[in-house]
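S.K.: below are the sequence and a predicted model for it; my questions follow.
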Amino acid sequence: MTAATYMHRGLLPLFVLALSLGSNFTVQGDEGVPPNTENSLVIEAENFASQHLDSKRRWIVFSKESQPHHYPDADQPHYHNASAGKYIELLPDTRTNHHELLEQGENFSQQPGKLAILSYPTYFASPGKYYVWARAYSTGSEDNGVHIGLNGQWPASGQRLQLCQGKHQWTWSSAQRSKENHCGVANTISLDIPSAGVHTIQVSMREDGFELDQLLLTMNKDVQPQGIVPGKPKVSSAPLEKKVMLHQIDNYQRILAAPTDFTYPTSNNHDVEQIPFYHHKKEHALAINAVQQTFRNQFAYAEYQVQAKEAGQYTLTLVTLSEIDGESKYQVMINDKIVGQFQNPETAIDYQEAYFHIDKVTLLKDDIIKVAAMAVTNGKIPENGGTAFARGRWRALVLSRPES
Ligand SMILES: [Ca+2]
Ligand SMILES: [Ca+2]
Ligand SMILES: [Ca+2]
């Protein structure tokens with residue numbers, strides 16, 4: 001892990017504050033005031049979102065895994081001490097020294113935003129003036145200039161970022177080349193971020209052969225980055241919701257949920273003619289309360305009337321839930337004709353989904369689909385303390401496109 005240091009120019013640091021940002025990262029602060037890390041952000045150059053106008057020169061990512069390339073290039077790769085082990089270089093590099101021909105619009109672009117444009121959508125917590133630093137690797141006199149832009153604009157303050165010092169190593173610069181001073185001075189490259197929110201930082205060609213590892217944008221003029229600057233801990237996105245049921249249903253046109261799409265006699269009816277289902281809310285299922293012995297070994301029925309827009313041919317999948325104290329039986333009927341009969345497998349895992357498929361079922365408007373379930377105990381589990389209250393469990397009937 002590479003330690004990086006923000007060094008403050010000027011006052012001798014009175015103390016060193018170690019700030020944990022997910023890697024070894026030390027900040028030297030003045031008088032107990034750490035640099036404003038809230039208003040600094042790091043971009044890995046190789047993490048660009050897009051590249052365009054790249055038909056003549058193109059930013060190419062280099063890392064240990066890179067294949068050898070065959071473009072004109074005057075030096076070897078430099079990924080070994082690049083941040084994240086990766087960087088980008090603008091190739092081909094046909095002007096590596098001033099003896100080689102300068103071709104405007106080919107290997108050089110005085111104008112920003114004309115060639116090899118990279119985009120980095122970036123979130124800014126605060127608007128304001130950000131100094132832009134580039135960590136670049138230059139081995140010659142014609143591979144050390146680049147343009148920085150913002151949201152498709154190329155303000156004067158972002159043009160001609162230049163590196164002079166620190167050849168043959170990764171070096172930070174925020175200096176703008178000027179007629180009077182080809183090397184420029186620090187903090188003369190900046191962008192004005194107009195508002196909090198996402199803005200697109202951009203990079204375009206000035207000189208081919210430019211090698212870029214990181215960009216640092218900071219509102220703090222006293223920051224001088226050294227070495228690899230670790231990114232702030234990535235703001236982790238909130239986890240997206242994952243499926244909690246119907247795990248193996250990966251192709252469906254309609255899920256008919258047992259408790260909410262079907263109609264069924266409920267336990268409140270006390271209808272002795274019909275075995276009732278109850279809504280097992282925690283399991284999103286219908287189940288039979290088989291504690292009542294009269295509710296065992298007989299089918300309970302739930303039904304659904306097919307709607308016009310559901311007419312068609314399907315594979316039906318009955319999704320049941322396993323039980324450890326019985327192997328419930330099921331039937332699926334269309335207009336009282338049995339099209340599928342199943343029995344839960346014996347299992348040691350309670351409430352595990354089981355899937356039973358019925359191929360090539362044609363449904364017409366107003367057809368009645370019935371799902372019947374029967375509580376079957378296997379006698380292997382003692383009744384007292386068992387789970388007989390929830391048997392004949394099923395969760396859904398799924399309508400899927402038949403496999404062609
Ligand atoms: Ca090169
Ligand atoms: Ca060049
Ligand atoms: Ca990098």
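M.R.: Yes, it's here. Ligands and ions are numbered 1, 2, ... in the order given.
S.K.: now the closest residue to ligand 1 within the stretch 151-300 of the chain: how far from residue 45?
M.R.: Relative to ligand 1, the nearest point of the stretch 151-300 of the chain is residue 209 (4.7 Å; Cβ to the ion). Every C-beta, even on glycine, is put in place using the N, C-alpha and C of the backbone. Separation of residue 209 from residue 45 (Cβ to Cβ, to the nearest Å): 14 Å.
S.K.: residue 238 now?
M.R.: The gap separating residue 238 from residue 45 is 28 Å, by Cβ to Cβ.
S.K.: same check, this time on residue 286
M.R.: For residue 286 relative to residue 45 (Cβ to Cβ), the value is 57 Å.
S.K.: between these two, which one's more packed in?
M.R.: Comparing residue 286 with residue 45 by other Cβ atoms under 10 Å, the one with more neighbours is residue 286, at 28 against 25.
S.K.: so which strand or helix has that one?
M.R.: Assigning secondary structure by DSSP states H and E places residue 286 in strand 285-288.
S.K.: which elements pack onto that strand?
M.R.: helix 258-261, strand 278-280, strand 368-374, strand 391-400 (3 or more Cβ pairs under 8 Å, 6 or more residues apart in numbering; DSSP states H and E).
S.K.: now those as a markdown table including distance to ligand 1, mean pLDDT and mean neighbour count?
M.R.: Supplementary listing: the helices and strands packed on strand 285-288 in a markdown table, determined by distance: least, Cβ to the ion, whole Å; pLDDT from 0 to 100; neighbours: other Cβ atoms under 10 Å:
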| stretch | distance to ligand 1 | mean pLDDT | mean neighbour count |
| --- | --- | --- | --- |
| helix 258-261 | 64 | 98 | 18 |
| strand 278-280 | 66 | 96 | 19 |
| strand 368-374 | 68 | 98 | 22 |
| strand 391-400 | 55 | 97 | 26 |
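S.K.: can you list those in CSV and add distance to residue 134?
M.R.: Shown next, in CSV, are the helices and strands packed on strand 285-288 (distance: least, Cβ to Cβ, whole Å):
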stretch, distance to residue 134
helix 258-261, 58
strand 278-280, 61
strand 368-374, 65
strand 391-400, 54
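S.K.: which of these sits closest to ligand 2?
M.R.: Among those, strand 391-400 comes nearest to ligand 2, with 58.2 Å by Cβ to the ion.
S.K.: circling back: could you report the distance from the residue of the stretch 151-300 of the chain closest to ligand 1 to residue 136?
M.R.: The gap separating residue 209 from residue 136 is 11 Å, by Cβ to Cβ.
S.K.: do residue 284 as well
M.R.: Taking Cβ to Cβ, one finds residue 284 at 57 Å from residue 136.
S.K.: how does this structure divide into domains?
M.R.: 38-226, 254-400 (automatic domain parsing).
S.K.: those: lowest mean pLDDT?
M.R.: Among the domains of the chain, domain 254-400 carries the lowest mean pLDDT, at a mean of 91.
S.K.: quick one: end-to-end length of it, please.
M.R.: 7 Å (Cα to Cα, to the nearest Å).
S.K.: could you do stretch 243-262 as well?
M.R.: 22 Å.
S.K.: can you lay out the helices and strands packed on strand 285-288 as TSV showing distance to ligand 2?
M.R.: Below are the helices and strands packed on strand 285-288 laid out as TSV (distance: least, Cβ to the ion, whole Å):
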stretch	distance to ligand 2
helix 258-261	67
strand 278-280	70
strand 368-374	71
strand 391-400	58
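S.K.: for residue 224, find the nearest of the ones you listed.
M.R.: Nearest to residue 224, of all the helices and strands packed on strand 285-288, is strand 391-400, at 61.5 Å by Cβ to Cβ.
S.K.: what is the orientation angle of the closest one with strand 368-374?
M.R.: Orientation of strand 391-400 against strand 368-374 (axes from the mean of the first three to the mean of the last three Cα atoms, to 10 degrees) gives an angle of 150 degrees.
S.K.: who are the packing partners of strand 391-400?
M.R.: Judged by 3+ Cβ pairs under 8 Å, 6+ apart, the packing partners of strand 391-400 are strand 254-257, helix 258-261, strand 285-288, strand 312-321, strand 329-334, strand 368-374.
S.K.: what strands flank the third one, and is each parallel or antiparallel?
M.R.: The sheet places strand 285-288 alongside strand 278-280 (antiparallel), strand 391-400 (antiparallel), with pairing taken from DSSP bridges.
S.K.: cool, and the first one?
M.R.: Here strand 254-257 has these sheet partners by DSSP bridges: strand 391-400 (antiparallel).
S.K.: got the angle for the strand it pairs with vs strand 312-321?
M.R.: With the same axes, to 10 degrees as the basis, strand 391-400 and strand 312-321 are set at 150 degrees to each other.
S.K.: tell me how far strand 391-400 is from the chain's mean position?
M.R.: 32 Å (Cα atoms, centre = their mean, to the nearest Å).
S.K.: can you count the residues close to the residue in the chain positioned nearest to ligand 2?
M.R.: Closest to ligand 2 within the chain is residue 209: 3.5 Å, counting by Cβ to the ion. Residue 209 is flanked by 27 other residues according to other Cβ under 10 Å.
S.K.: who's in contact with it?
M.R.: Taking Cβ atoms under 8 Å, 6 or more residues apart in numbering as the contact definition, residue 209 lies against 73, 74, 89, 90, 91, 93, 95, 96, 140, 142, 143.
S.K.: and those residues, which of them are in strands?
M.R.: Within the contacts of residue 209, residues falling in strands by DSSP state E are 89, 90, 91.
S.K.: residue 59: which of those residues is nearest?
M.R.: Distances from residue 59 to these, taken by Cβ to Cβ, are shortest for residue 90, at 5.5 Å.
S.K.: how much space separates that closest one from residue 123?
M.R.: 26 Å.
S.K.: of the two, which one has the most company?
M.R.: residue 90 (26 against 10).
S.K.: report the beta-bridge partners for that one.
M.R.: residue 59.
S.K.: please name the residues that touch the closest residue to residue 247 other than its chain neighbours.
M.R.: Nearest non-adjacent residue to residue 247, counting by Cβ to Cβ, 6 or more residues apart in numbering: residue 353, 6.2 Å away. Listed by Cβ under 8 Å, 6+ apart, the contact set of residue 353 reads 245, 246, 247, 248, 319, 320, 321, 322, 395.
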